[in-house]
Every structure is written in structure tokens, then in C-alpha cells.
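**Q** Sequence plus the predicted model coming up.
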Amino acid sequence: MLKKSIRVRATASVANVSCGFDCIGYAIAEPSDVITITTKNKPGIEIIISGPKTDSIPTKPEKNTAGKAVLSYLNSINQEQGCAIEIEKGIPPGSGIGSSAASAAAAVVGINELMGNPLTLDDLLVHGMAGEAVASGGFHADNIAPALFGGMILIRSYDPLDILNLPVPEDLFSTAVLPDFVVNTKDARRMLPKRVPLKSAVAQAGNLAGFTLGLQKADFDLLGRSMVDLFAEPVRAELIPAFHIVQKAAMDNGAIGCGISGSGPALFALSESEDASRKVGTAMVDAFKKNGLNSIAYSSPIHKKHPEILD
């Protein structure tokens, strides 16, 4: 007998990872969103949202990331199942750490479970991407894929979609620092240049190749040399007060590399131990504080788990 209600937790994620614009992302252990889906006898989707800074999140299913992901899923299996979706946001919208992706990932895993799991986790990705597109204005997978699969993900191709799970050194740790303000994802994407110089494209390709090889060989020096963003960071840094100061604080305190997480305002850093990641987080929070911004740091290994079914 199929369940009528389910709760699913999905975690935040870091996208781009400096050199991997729209093609690399990884999951972190916290913060997270929790989605409760309850089936109804009558058609239609009802959405209820709670949590910090959620006033701006639409509750109309077609305009909500979880709602749109569920609609895409149900359409693919030719079902008109009605349901109520309760979204408990632990990841503020506009944070740069995959807020919309976490909701979409938890939603597709939950509805698939309620429907008897007709689709595989791989099949669910495109429906999560449909949900993500509501927030970002485009189909990209560098947040939704890590949120759904866990680990460090490379999107080798979008057409056809080709998702690869990269090796992660055991002693690689992440720090994500979220300052207390919002960057609109669509606005941040509109800032990006329509064209980049050939020299920059070649350099970015070299950095991306170096980064993936650094993961394979657990070569942290190579990882650090490769974590240079020539596409997004030069323009998006302007959106984040004290960006260069906070980035320098991370590097001065032992980070392998540090950059903007997704569209910002969150910054991320990679370190080679848990102690180092916490020290880096403290330094980054202090640097933001000295420049008038409160922030919170999240330190963890790369999170390798799928969305968790709570009950």
C-alpha cells in the first residue's frame, strides 16, 4: 500500500566552484530544506511555505520551484495527482547555496516515492531542473544535481545531459559563508557577459581540467592553482560588499581556494582538514563583521548522500 504523506530533507550546495561555471557543483551537509508532500483526492497542488526570508517565494505551483518540479514529474508519468506541499525553508532564497535546488530535489524524490518509485534518481534530474528554471531563468544542473545525487558533480554536457560524479579526497572540507543579504539569481545571471575572450575561455578550460585532475590525484596544490574564475567572479564580485577582503581572509587562514558560491552572496572555500575549514570560516565571518555584515559559516566534508526520507 502506497504512503499518503512523506517528509524529505535535501541539503544546500555550492555551484561553479570558481573554475566550473554551470558545470561543477557539490553538496554540503547543512543547511537544508524539508518538504512534506501529502496526496489529496481532488486535483491541484497547494503550497505552504515557512522559514526565514520566504515572503518573496511564490506559492503558485507553476512559479514555485518545488511545485513546478512536481508538475513536471506528474506530467511525465501522465498523472493528475493532487497534493499539498509544505516547504520548510532552512536555506534562504537568494543565498547562492542552492535554495531552489534543495526544494526541487526534495520534492521530486518525495512525489516519486508516493507514486511508487516509477522513475530512477537519474530520471528525476530533468524534473528538478524544470523546478530550478523557475528561480534562475535557465536550465542548469550544477545545484540540482549535487542536491539530488550528493557528492561533487561535473555536468559534462547539457545536450545530451551527461552527469558525472567526481572523486572527492577524504580530507577535503568545505566552508560556505552566508552573509545577511540577498542576491537575485536572475539578476546575477543577467550581469554575465554574452561573450568571453578566447584567451579567457582557454584559461578557464585549463583550470577546469586542472581542478578535476586535482580531485583525482588528491593534489591540493593543483586544486588551489586551478580555482580561478574568469567568467562570473570578475563581474559578480561587485554585488558582494567586502568580497575581496573576505576572500583574502580565507586564503590567509589556510584555504586551498575561495570564491563565490553560485550567484552569491554566499562565499565558499575548500580546505584540507576539518580544523582548517572551521578556522577559515571564523576568519571569513570576522571579515564580513568588520565590514558591517553579519554572516554564518557552515563547515563540512563534501556531502555524499541523496535526499533523506525522514518519514
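**A** Structure received.

**Q** what mean pLDDT would you report for stretch 202-214?
**A** Mean pLDDT, stretch 202-214: 98.

**Q** Sorry, wrong one. I was asking about stretch 92-103.
**A** 95.

**Q** That stretch: end-to-end distance?
**A** 11 Å (C-alpha to C-alpha, to the nearest Å).

**Q** This structure: helices as residue ranges?
**A** 65-76, 99-114, 121-136, 144-149, 185-190, 198-217, 220-226, 233-236, 243-252, 274-290 (DSSP state H).

**Q** Using neighbour counts, pick out the buried residues of the longest strand anywhere in the chain.
**A** In the chain, assigned by DSSP state E, the strand with the most residues is strand 24-40. Across strand 24-40, burial judged by 16 or more other C-beta atoms under 10 Å covers 24-29, 31-39. All C-beta atoms are positioned from the backbone trio N, CA, C, and that covers glycine.

**Q** what's the answer for stretch 225-242, then?
**A** 225-233, 236, 239-240, 242.

**Q** Check stretch 188-205 too.
**A** Counting neighbours by 16+ other C-beta under 10 Å, stretch 188-205 gives 188-189, 204 as buried.

**Q** What residue, apart from its backbone neighbours, is nearest D122 spatially?
**A** With sequence-adjacent residues excluded and distances taken as C-beta to C-beta, 6 or more residues apart in numbering, D122 is closest to I163, at 7.7 Å.

**Q** so the one you found sits right up against I144, yeah?
**A** No - with contact defined as C-beta atoms under 8 Å, I163 and I144 do not form a contacting pair (10.1 Å).

**Q** Give the residues shared as contacts by those two.
**A** L125 (C-beta atoms under 8 Å, 6 or more residues apart in numbering).

**Q** Settle it for me: which of the two has more neighbours?
**A** I144 (36 against 17; other C-beta atoms under 10 Å).

**Q** ok, the more buried one - contacts?
**A** 98, 101, 104-105, 125, 128-129, 131-132.

**Q** rerun that using 7 Å as the cut-off
**A** Contact analysis of I144 by C-beta atoms under 7 Å, 6 or more residues apart in numbering lists 101, 104-105, 125, 128-129, 132.

**Q** how about low-confidence regions in the stretch 1-150 of the chain?
**A** Within the stretch 1-150 of the chain, the ranges that satisfy pLDDT under 70 run 1.

**Q** ok, 90 please
**A** Residue ranges of the stretch 1-150 of the chain with pLDDT under 90: 1-3, 52-53, 56, 94, 135-140.

**Q** for the stretch 151-300 of the chain, same thing?
**A** 181-194.

**Q** And for G82, the neighbour number?
**A** Counted with other C-beta under 10 Å, G82 comes out at 15.

**Q** how close does the closest residue to it other than its chain neighbours sit to L124?
**A** Counting by C-beta to C-beta, 6+ apart, K40 is the residue found nearest to G82 once chain neighbours are left out, at 3.9 Å. Computed with C-beta to C-beta, to the nearest Å, the distance linking K40 and L124 is 22 Å.

**Q** OK, contacts around C258?
**A** Per C-beta under 7 Å, 6+ apart, neighbours of C258: 247, 250-251, 267-269.

**Q** Name whatever forms a beta bridge with it.
**A** A269 (DSSP bridges).

**Q** and what of I28?
**A** I302.

**Q** That one is in contact with V17, isn't it?
**A** No - I28 lies out of contact with V17 (C-beta atoms under 7 Å); the separation is 11.7 Å.

**Q** picking up where we left off before, ok, so of the buried residues of strand 24-40, who is nearest V8?
**A** Nearest to V8 out of the buried residues of strand 24-40 is I35 (C-beta to C-beta; 5.2 Å).

**Q** what residues are up against the residue lying closest to the closest one once chain neighbours are set aside?
**A** Closest residue to I35 apart from its sequence neighbours, by C-beta to C-beta, 6+ apart: A106 at 3.9 Å. Applying C-beta under 7 Å, 6+ apart, we find A106 in contact with 8-10, 33, 35, 307.

**Q** at 8 Å instead, please
**A** So A106 contacts 8-10, 33-35, 66, 307 (C-beta under 8 Å, 6+ apart).

**Q** which pair in these spans the largest distance?
**A** R9 and A66 (13.0 Å).

**Q** Find the residues that touch each one of those two.
**A** 35, 106.

**Q** More neighbours: which of those two?
**A** A66 (32 against 20).

**Q** how deep is the residue nearest to S76 when sequence neighbours are not counted tucked in, by neighbour count?
**A** Setting aside the residues directly before and after it, S76 is nearest to H127 in space (C-beta to C-beta, 6+ apart), at 6.7 Å. Residues within reach of H127, counting by other C-beta under 10 Å, total 28.
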